[in-house]
Every structure is written in structure tokens, then in C-alpha cells.
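Enquirer: Please find the sequence and the predicted model below.
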Amino acid sequence: MFPDFIFPLLVIFLVIVLPIWLIMHYTTRNSANRRLNSKDEALLEDLNENARRMEDRIRTLERILDADSPEWRNRQ
């Protein structure tokens, strides 16, 4: 059926080469998926900027409330 030299090569390929090839393939694929693409980076920057603005607004509100009603933090 197979010539005598093809069977050992096929066995070597299936036992040694194919598993290493699959491991390397999925390792590089997973490491590529872990990186942020430019769209994700832009979204992250936008979210970060929104969080900074919200933090500034909260600080301003707290200053206003501290000036108008100093005991507002102790209310429940």
C-alpha cells in the first residue's frame, strides 16, 4: 500500500511535528488576541477621559455641597 519509506515519515510527522506545529500555532494566535487593537485603544482612551471628567465633576459637586451644607456627608 504505502512504500516502506513513507510510513516512518508519516509516523514521525504525526508524533513529533504535528503536535509542535499545533502548539505553536495556537500559542501565537492567543498572544495576538491578547493585544489591544487601535479601536480598543481609542475606546479605552475615551473611557479614561470620561472617567477623569466625571471625577472632576464629583469633586466640584462635593466642594459646592461642603460650602452650602457642611454636614451633608454625615447624613444617612
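Expert: Happy to help now that I have it. Numbering: from 1, shown residues only.
Enquirer: Quick one: mean pLDDT for the helix or strand in which Trp21 is found?
Expert: Element membership of Trp21, judged by DSSP states H and E, is helix 18-34. The predicted model assigns helix 18-34 a mean pLDDT of 86.
Enquirer: mind listing what's buried in it?
Expert: Taking 16 or more other CB atoms under 10 Å as the neighbour-count basis, helix 18-34 is seen to contain no buried residue. (C-beta placed from N, C-alpha, C; glycine too.)
Enquirer: Packing partners of it?
Expert: Contact analysis of helix 18-34 by 3 or more CB pairs under 8 Å, 6 or more residues apart in numbering; DSSP states H and E lists no helix or strand as a packing neighbour.
Enquirer: Quick one: name whatever helix or strand follows that helix.
Expert: Per DSSP H and E, the first helix or strand lying C-terminal to helix 18-34 is helix 38-68.
Enquirer: count of residues packed around Leu65?
Expert: 13 (other CB atoms under 10 Å).
Enquirer: surely it meets Glu71?
Expert: No. When contacts are counted by CB atoms under 8 Å, Leu65 is not listed as touching Glu71 (9.9 Å).
Enquirer: From Thr28, how far off is the spatially most central residue of the chain?
Expert: Closest residue to the average C-alpha location of the chain: Arg34 at 5.3 Å, with CA atoms, centre = their mean. Taking CB to CB, to the nearest Å as the measure, Arg34 and Thr28 are separated by 11 Å.
Enquirer: With Ile16 instead?
Expert: In this structure, Ile16 and Thr28 are 19 Å apart, going by CB to CB.
Enquirer: List phi and psi for Asn74.
Expert: For Asn74, the backbone dihedrals are phi -90, psi -10 (criterion: degrees, to the nearest 10).
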